[in-house]
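> Sequence and predicted model, in that order:
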Amino acid sequence: MFQNQRVFAYVDSGIPDGIQVDTQGHVYAGTADSVQVWNSKGILIGKIFTGSNVANMAFAVKDLLIILAGNSIFAASIRAEPNLLIF
């Protein structure tokens, strides 16, 4: 059972989808008009506007985020490195 449950962050447009985390602990989620980015405390630190609903995203390599939105695919050059979890 989860303990210390709390709301991490709120989106201001749509419902979050396609969540990613980078090595700095930033959380990325697709929303109705953008990819929203929060720091590890849940504070919104940025948005990557696409103009359409973001269904999913993935880090291709360091500093490159691929975004799937509507009928488009975007490649966003950002300063981030994927946090690859190995189970």
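Sure thing, it's come through.

> alpha carbons only for contacts and neighbour counts from here, please
Will do.

> Okay, buried residues for the longest strand seen in the chain please.
Using DSSP state E to assign secondary structure, the strand with the most residues in the chain is strand 54-61. Of the residues in strand 54-61, those buried by neighbour count under the rule 16 or more other CA atoms under 10 Å are 54, 55, 56, 57, 58, 59.

> check contacts around the third one.
Residues counted as contacts of residue 56 (CA atoms under 8 Å, 6 or more residues apart in numbering) are 17, 18, 19, 29, 30, 67, 68, 69.

> Am I right that the first one is in contact with residue 55?
Yes: here residue 17 reaches residue 55: they are 6.0 Å apart, a contact under CA atoms under 8 Å.

> Can you pull the phi/psi pair for residue 16?
Backbone torsions for residue 16, taken as degrees, to the nearest 10, come to phi -60, psi 140.

> Would you map the strands across this structure?
17-21, 27-30, 34-38, 44-49, 54-61, 64-69, 72-77.

> which stretches of the chain aren't confidently modelled?
Low-confidence segments of the chain (pLDDT under 70): 85-87.

> Quick check: the closest residue to residue 32 other than its chain neighbours vs residue 13, distance?
What sits nearest to residue 32 in space, not counting adjacent residues and going by CA to CA, 6 or more residues apart in numbering, is residue 53, at 4.1 Å. If you measure residue 53 against residue 13 using CA to CA, to the nearest Å, the figure is 9 Å.
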